[in-house]
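1. Structure for this input, please:
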Amino acid sequence: MEYLLKDKVYLVTGASRGIGADTAKLLAEQGAFVIINYLHSHEQAKAVEDYCNQTAEGGGWCLSADMTDEQAIAQLVAAIQMEFGRLDGIVCNAAFSYRFDAQKRPYHWEIEWEEYERAEQQTVKPLHVLLQKALPLLTMQPDSRVVVLSSNLVKRPLVTYHTYNVGKATLEAYVQNTANELARLGVRLNLVIPGMVYPTDATKDSQEEIKDAVINQTPLGRMAMPEDVAQTIFFFLSPYSRFLTGQKLYVDGGLSNQ
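-> Have a look, this model is predicted:
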């Protein structure tokens, strides 16, 4: 069996559960060593690490770091450099805590401007700081990859989660601008954009009528699952995407085409 990511080293942020955990496991199955970043969920992160080390072809190392803290990000990158001396790619999956509850969401006239600023600080700044800190390691490889998670609510806000959606829209603009500049350095950035992913901690509060509406409007007739997103992330890290940068790939069963 050919392992497409054999001996490569990847950082997956927010990897203790959901999309991040499935991604870390898949990368390890393909021969990669995965740094499993998490904030508080040590037991869940350790379970992912154990899977990567005992079941998969590659390996794993769980490492706690708050991705909204500049010093913590710097320490995380320094630990990777000291342990491995290389970094082939990053999956930026960590996100600020947000509950998707359509009935309790604030409306436009209830939101202070500072809440939009806070969403952008928590969404875009962590990626900006991480890229700047990790760039020396990333540019050591001839073809490093960064995959960033967004949301199809930017393109099609079925529910107007204002601050969340605006933060993600800014994130997408940041990635596409940065992709053009970092391509010359051998670093490629792409966006994976899921629809509603179920089950995850973020969507567990979503009302059944919202889930039903998403399913009914989705051509493929179901919501995305974490493994659907993980497989798309793997595509962007694999040799099959070597001529792609600054791209958006929607993982929502065709909903964004409607």
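2. okay, CA-based contacts and neighbour counts for the rest of this
-> Fine.
3. element containing Ile80, please.
-> helix 70-84 (DSSP states H and E).
4. Pull out the CA atoms of that helix and give them to me as PDB.
-> Below are the C-alpha coordinates for helix 70-84, written out as PDB (Å, rounded to 0.1, in the frame of the first residue of the first chain):
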ATOM      1  CA  GLU A  70       0.300  34.900  20.500                       C
ATOM      2  CA  GLN A  71       2.800  33.500  23.100                       C
ATOM      3  CA  ALA A  72       1.100  30.100  23.100                       C
ATOM      4  CA  ILE A  73       1.300  30.000  19.300                       C
ATOM      5  CA  ALA A  74       5.000  30.900  19.400                       C
ATOM      6  CA  GLN A  75       5.700  28.200  21.900                       C
ATOM      7  CA  LEU A  76       3.700  25.600  19.900                       C
ATOM      8  CA  VAL A  77       5.800  26.400  16.800                       C
ATOM      9  CA  ALA A  78       9.000  26.300  18.800                       C
ATOM     10  CA  ALA A  79       8.100  22.900  20.200                       C
ATOM     11  CA  ILE A  80       7.500  21.500  16.700                       C
ATOM     12  CA  GLN A  81      10.800  22.900  15.400                       C
ATOM     13  CA  MET A  82      12.700  21.400  18.400                       C
ATOM     14  CA  GLU A  83      11.000  18.000  18.100                       C
ATOM     15  CA  PHE A  84      10.900  17.600  14.300                       C
END
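5. Identify the residues contacting it?
-> Outside helix 70-84, the residues within contact range by CA atoms under 8 Å, 6 or more residues apart in numbering are 9, 63, 65-67, 86-87, 126, 129-130, 133-134, 137.
6. What residues sit buried inside it?
-> Using 16 or more other CA atoms under 10 Å as the test for burial, helix 70-84 gives 70, 73-74, 76-78, 80.
7. again with stretch 114-128
-> Within stretch 114-128, the residues scored as buried using 16+ other CA under 10 Å are 116, 119-120, 122-127.
8. Stretch 25-42 too?
-> Buried, per 16+ other CA under 10 Å, within stretch 25-42: 25-39.
9. So which of those are in strands?
-> 33-38 (DSSP state E).
10. Make CSV from those residues and add distance to Val154 to it.
-> Formatted as CSV, those follow (distance: CA to CA, whole Å):
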residue, distance to Val154
Phe33, 32
Val34, 29
Ile35, 29
Ile36, 28
Asn37, 26
Tyr38, 26
